[in-house]
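**Q** Just a sequence and a predicted model for now, questions to come.
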Amino acid sequence: MQILLHNAAHVRSGDKGDTACISVIAFSDELYEVLRQQLSATQFKAHYNGVIKGEVQRYEVPGLGALQFVADGALGGGVSRSLCLDNYGKALCSAILAYPIEVPDRLQNQLRGV
Amino acid sequence: MASIRIGTGSAWWGDRVEPARLNAERGDLDYLCFETMAEATISAAQVRKRRDPEFAGYDTYLDDRMQAVLPGCLKRGTRIVSNQGWINPDGAAERIVHWLREFGGRGVKVAAVSGSLITDRVLAETDTILENGRKTATLRDSMVSAEAYLGAEPIVDALRQGAQIVVTTRVADPSIFLAPMMHEFGWDPLDHARLGAGSAIGHILECGAQATGGYFADPGFKDVPEPWNLGFPIAEVDETGAATISKVSGTGGAITTMTIKEQLLYEVHDPANYLTPDVVVDFTTARLQELGPDLIRVSGITGKPRTPTLKVSIGCAEGFIGEDMFFYAGPGALRRAELARRILEERFKIIGLKAEDIRIDFIGVNAIHGPASRTDGPEPYEVAVRVAARALTRAEAFKIGREVDGMAVSGVGMTGKRVPHQDRVREVIGVWSSLIPRAKVPWSINMYES
């Protein structure tokens, strides 16, 4: 079944300079494996459609069921220089919630909001 | 096994004060720790001090925070560690002594820790800007201030000298919380396994309510009870660096494996290599166990040897940002907003606006996620047009507000406007990073007594 990442994981944004750090944490170990296969650093950057100017690095943390995305050039030059209303990019993580994911039907009971 | 209880008093300068009072009065704490700085806090304080010699140079909420927590801390014998000293830790210590006397605390030792400010020698002692690889010397003309991030050692030093309260200049956030563990358990500064574990607990505590249900709720997906009444976290840490995270009973919020996971990973970049002045933390082996409601055991986290250098932040005067907004609503709101944007773009050409960067957003449509926003949604009922520009001079940045003023009677039909106000221009203090050898950043401690 096709779902959104919102149904499979929760997210949090952090900032350091011009770099956004976005954690994507699966609701279960099985959903982590699905996300690991379907959300690469390249796909992540493409989803942000130009907001991220630099490289995206993905770190895998299976013990916490999490993927950590570190995106350079995502904060308009940094908190104090940024012209974005959300200077710190604290709401930036929520864009990835709309990313489409294909999950096996048997994992439906591990999803939220469906 | 020996353990100590450490609670959060604040996670940033603007944080709520009431949860700190609750932790002081009902947290049964050995230590209450305050983090009050953002990246540009030191530079902003230097700029303000230059304009306003009356500015004390420490946390502007120091009085509020100390009045709230000192009675509880004196009663319980809770020690305080805080980076509220900003650019004047000695002034902050003297002010804390004042409040101690007000509350009848006599003979209490307060340590002021200095040494982070290195503006006078940063260009000689650093080489490369981490963000762009250029030489730090290129910042000579624009530099406002520079400071190194101190670690936990200066605080441990002050505690060993008998300080009941330690107030510091810039110290890395987790180090404020790690220092009491090092002091109480006698951890060696090079014991990277324990310092890694302890720094991870410090990282959970440093962001306050972000571990207890703040910056977390997402209705229908992640619900948080009583999110208007969040308690700040408390860690009961043992001598291995494992801890149980809790909060004062009766407060709102939630401590779950989900809230702790989000906070563990928050801003750490590579989770196997989180750099602090004290140690390189490896979060990847973390084990989280739910012991009960709002009670999470955190263990298994370790560390790697610290780096030979400390991080330096260099604040630079980089100009000004001018910003304002106006509004549309009802049928056709977005089309009117689009015409307003066209008018502003043409006006900026006519007046020859000299901007480094300009951004015109439609709040309610694309202001937060920009080009990543969905475009297939229904027409918004309301749209705010927000315009911002960065310029080298205050006068140039001020023109943004003046052009928005013009949209009142010379703009589009049915335009809503705010009353012009004074803070439509703000100064930009850009922050750059570099590295400095540890030996070049000695600390000093002055002791005060109430």
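**A** Here it is on my side, so go on. Residues are numbered from 1 along each chain as shown, chains lettered A, B, ... in the order given.
**Q** what about residue B:377, which helix or strand?
**A** Here residue B:377 is covered by no helix or strand, with elements defined by DSSP states H and E.
**Q** For it, give me phi and psi.
**A** Residue B:377 adopts backbone torsions of phi -80, psi 180, taken as degrees, to the nearest 10.
**Q** Confirm residue B:339 sits in a strand?
**A** No - counting by DSSP: H, G, I helix; E, B strand; the rest coil, residue B:339 is not part of a strand but helix.
**Q** which residues does it contact?
**A** Contacts for residue B:339 (C-beta atoms under 8 Å, 6 or more residues apart in numbering or on different chains) come out as residue B:412. Yep, even glycine has a C-beta here, placed from its N, CA and C like the rest.
**Q** Could you do residue B:252 as well?
**A** B:213, B:224, B:225, B:226, B:227, B:228, B:229, B:230, B:231.
**Q** I'd guessed the last one sits against residue B:251; true?
**A** Yep, that's residue B:231 we're talking about. Yes - contact criterion C-beta atoms under 8 Å: residue B:231 and residue B:251 qualify, at 3.0 Å.
**Q** Name the residue in the two with the higher neighbour count.
**A** Neighbour tally, residue B:231 and residue B:251, criterion other C-beta atoms under 10 Å in any protein chain shown: the higher count belongs to residue B:231, 29 against 21.
**Q** ranges for the helices of the stretch 351-450 of chain B?
**A** B:394-410 (DSSP state H, counting those that start in this stretch).
**Q** picking up where we left off before, what touches both of residue B:231 and residue B:251?
**A** Common neighbours of residue B:231 and residue B:251, counting by C-beta under 8 Å, 6+ apart, are B:19, B:22, B:212.
**Q** Now for the last one, how many residues are close by?
**A** Right, the one you point to is residue B:212. Per other C-beta under 10 Å, the neighbour tally for residue B:212 reads 31.
**Q** Return the backbone torsion pair for it.
**A** The phi/psi pair for residue B:212 (degrees, to the nearest 10) is phi -120, psi 20.
**Q** Also near chain A: which of the shared contacts of residue B:231 and residue B:251, exactly?
**A** Checking the shared contacts of residue B:231 and residue B:251 against chain A by C-beta under 8 Å from any C-beta of the partner chain, not one of them is in range.
**Q** just the helices in the chain please.
**A** In the absence of a named chain, this looks at chain A. Taking DSSP state H, the helices of chain A run over residues A:29-38, A:41-47.
**Q** please go with chain B instead
**A** Per DSSP H, chain B carries helices over the ranges B:18-26, B:41-51, B:62-76, B:89-102, B:122-125, B:153-160, B:173-185, B:192-206, B:257-265, B:333-350, B:394-410.
**Q** closest one to residue B:195 among the helices of chain A?
**A** With C-beta to C-beta, the closest approach to residue B:195 among the helices of chain A belongs to helix A:29-38: 29.0 Å.
**Q** Now do that closest one: distance to the chain's middle.
**A** Taking C-alpha atoms, centre = their mean, to the nearest Å, the mean C-alpha location of helix A:29-38 is offset from the chain mean by 13 Å.
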